[in-house]
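Asks: Got a sequence here, can you model it:
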Amino acid sequence: MGKASRDKNKRDIYYWKAKEGWHARSSFKLLQIDEEFNIFEAVKWVVDLCAAPGSWS
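Replies: Residues are numbered from 1 along each chain as shown. Next comes the predicted model:
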């Protein structure tokens with residue numbers, strides 16, 4: 001990965017949120033989906049199985 005890619009990542013809001021404790025950028029998408037559709041209403045645990053490309057499918 002070149003320097004330009006690293007610099008672009010540092011401007012990304014999800015890059016900084018991930019640095020605050022989330023393990024993957026995909027976790028933010030799952031939270032957004034849950035806010036809209038309430039898919040995790042009775043769920044206690046969620047496992048991200050890291051499908052590629054990206055980390056969820």
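
Asks: make it CA atoms for all contacts and neighbour counts henceforth
Replies: Noted.

Asks: so where's the chain shaky on pLDDT?
Replies: For the chain, applying pLDDT under 70 flags the ranges 1-10, 22-23, 48, 50-57.

Asks: Tell me who's in contact with Ser27.
Replies: If you count contacts by C-alpha atoms under 8 Å, 6 or more residues apart in numbering, Ser27 has none.

Asks: Would you mind measuring from it to Leu49?
Replies: Distance, Ser27 to Leu49, using C-alpha to C-alpha, to the nearest Å: 12 Å.

Asks: ok, now Leu30?
Replies: For Leu30, the distance to Leu49 equals 13 Å [C-alpha to C-alpha].

Asks: In terms of neighbours, single out the busier of those two.
Replies: It is Leu30, of Leu30 and Leu49, that has more neighbours when counted by other C-alpha atoms under 10 Å, with 14 against 9.

Asks: Now that one: phi and psi?
Replies: Backbone geometry at Leu30, expressed as degrees, to the nearest 10, gives phi -60, psi -40.
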